[in-house]
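Visitor: Attaching a predicted model along with its sequence, questions to come.
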Amino acid sequence: MHLAFYTILFALLGWAVWTDLRSRLIPNRIPLAVILLFIPAAWSGVVGEVWMHLAVFVAVLIVSVAFFAFGILGGGDAKLIPAVSLWAGSDRLVPFLVVMTLTGGLLALILLVRRRLREEPSNAHAGSVPYAVAIAAGAIAIVSEPIVNAFPASFLEILRSGA
């Protein structure tokens, strides 16, 4: 059951990355779908402490709206970050934000160096960073962490059982 929800979540984030890379826009229906997907996931027990997840969502939404108001984040990013934070909850919020921030910084540095080396002329996307890439990286980190942490124990159990 977990895998189905996470597969859909990753497909939605892949769509966000694709549209952000192509046009530097994230359609409103993607963050909305991420939020709506959380409802059956919470109902089926994929996430725990639903109220904490909702509290994190509200807090991150407030910060994201402020960042958007000051021109730090684009509108799509300001909606997608809280939507993914809803899935992170309080226990995985910091890893999500750290991976997202580091990935976004690395992506910005790569784009800056690329533009300098190629001496690209200004265009509509010259100063923008397709931040959906970083948001998706953060989401992958928080969703895959339990799977990765469980792998060594599972692998050792298989070795012990002789299978």
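Guide: Sure thing, it's come through.

Visitor: From what I see, residue 99 and residue 135 are in contact.
Guide: No. Between residue 99 and residue 135 there is no contact under C-beta atoms under 8 Å: 9.7 Å. C-beta here means a position set from N, CA and C on the backbone, and glycine is covered the same way.

Visitor: Those two: which is more packed in?
Guide: residue 135 (29 against 19; other C-beta atoms under 10 Å).

Visitor: That one reaches residue 84, doesn't it?
Guide: Yes. Counting by C-beta under 8 Å, residue 84 is a contact partner of residue 135 at 5.8 Å.

Visitor: shared neighbours of these two, anything?
Guide: Common neighbours of residue 135 and residue 84 (criterion: C-beta atoms under 8 Å, 6 or more residues apart in numbering): residue 13.

Visitor: so what pLDDT did residue 155 get?
Guide: The per-residue pLDDT reported for residue 155 equals 54.

Visitor: Can you pull out the low-pLDDT segments for this structure?
Guide: For the chain, the stretches with pLDDT under 70 are 1, 119-127, 145-163.

Visitor: which residues of it fall in helices?
Guide: 2-23, 29-43, 50-69, 75-118, 132-161 (DSSP state H).
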